[in-house]
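Trainee: Generate coordinates for the sequence data below:
(chains A and B)
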Amino acid sequence: GQNIDQPTEMTATEGAIVQINCTYQTSGFNGLFWYQQHAGEAPTFLSYNVLDGLEEKGRFSSFLSRSKGYSYLLLKELQMKDSASYLCAVRLSGGYNKLIFGAGTRLAVHP
Amino acid sequence: DGGITQSPKYLFRKEGQNVTLSCEQNLNHDAMYWYRQDPGQGLRLIYYSQIVNDFQKGDIAEGYSVSREKKESFPLTVTSAQKNPTAFYLCASIGTGNHYNEQFFGPGTRLTVL
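Mentor: Sure thing, here's the model as predicted:
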């Protein structure tokens, strides 16, 4: 079966750094996506990793270790608007480009 | 501007009625998806399509049907056989070739069964 695990909730302080972890056990792997979703809205694309290592994009960075089945999303200089759910998704290998999503991590940023 | 459109944004349906949710994209993406999201939960895959006239069942396809007659369009029908259809429905697409790493979502349709 397919399994993607993320913490359910996290809290952090404005201006701080937070790391959201994602572990996966899937039948095949062809890339990992991170999305941000504000309440009642559609997810928006944050990052994509297919090779091991760190991808940096402004205040957000994403890391992947394929051998450990592990990824994290790092958010720096937290702002109140970063309060949202963060979804981890794995693209399975094979011809049909199928994605499996984790349940999401709800992040609350406090002043 | 390129993107994915879904209509309507809010939809109300009586029990026993079929309803079709629209999804259109002008991104020239080949692969399109339908997901369902329930409160406080992640996205669950209903159906996906890699190319025109081809689609595959996802993890929760029962009570749903789709068609892919055009590259730009991937409508989802929620049938009366779906026992708990009230949810937030999201359509997405992924590019191929140089755009293989990009996945975009439409704004979603919130379906409520009365």
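Trainee: what's downstream of the helix or strand of chain B with the lowest mean pLDDT, the next helix or strand?
Mentor: Within chain B, confidence by mean pLDDT, DSSP states H and E is lowest for strand B:103-105 among all helices and strands, at a mean of 84. Counting by DSSP states H and E, the element after strand B:103-105 in chain order, helix or strand, is strand B:109-113.
Trainee: sorry, back to before: what's the least confident helix or strand of chain B in contact with?
Mentor: A:33, A:35, A:42-45, A:99, B:3-4, B:25, B:27, B:29, B:90-94 (Cβ atoms under 8 Å, 6 or more residues apart in numbering or on different chains). (Each C-beta comes from the backbone N, C-alpha and C, glycine too.)
Trainee: Which of the three states applies to the residue nearest in space to the middle of chain B?
Mentor: Centroid-nearest residue in chain B, with Cα atoms, centre = their mean: residue B:34, separated by 2.9 Å. Using DSSP: H, G, I helix; E, B strand; the rest coil, the structure places residue B:34 in strand.
Trainee: Report the contact partners of the closest residue to residue B:8 other than its chain neighbours.
Mentor: Spatial nearest neighbour of residue B:8, excluding adjacent residues (Cβ to Cβ, 6 or more residues apart in numbering or on different chains): residue B:109 at 6.3 Å. Taking Cβ under 8 Å, 6+ apart, we find residue B:109 in contact with B:6, B:7, B:8, B:9, B:10, B:11, B:21, B:88, B:89.
Trainee: And these, which two are furthest apart?
Mentor: Greatest spatial distance in the contacts of residue B:109: B:7 and B:88, 14.4 Å, computed using Cβ to Cβ.
Trainee: Hmm, residue A:71 is touching residue A:20, no?
Mentor: No - Residue A:71 lies out of contact with residue A:20 (Cβ atoms under 8 Å); the separation is 9.2 Å.
Trainee: Which one's more surrounded, the two?
Mentor: Ranked by neighbour count (other Cβ atoms under 10 Å in any protein chain shown), residue A:71 and residue A:20 place residue A:71 first, with 24 against 21.
Trainee: Can you check the pLDDT for the more buried one?
Mentor: At residue A:71, the predicted lDDT confidence score is 98.
Trainee: Can you tell me the element it falls in?
Mentor: strand A:70-75.
Trainee: so how far is that strand off the chain centroid?
Mentor: Taking the mean of its C-alpha atoms, strand A:70-75 sits 6 Å from the chain's own mean (Cα atoms, centre = their mean, to the nearest Å).
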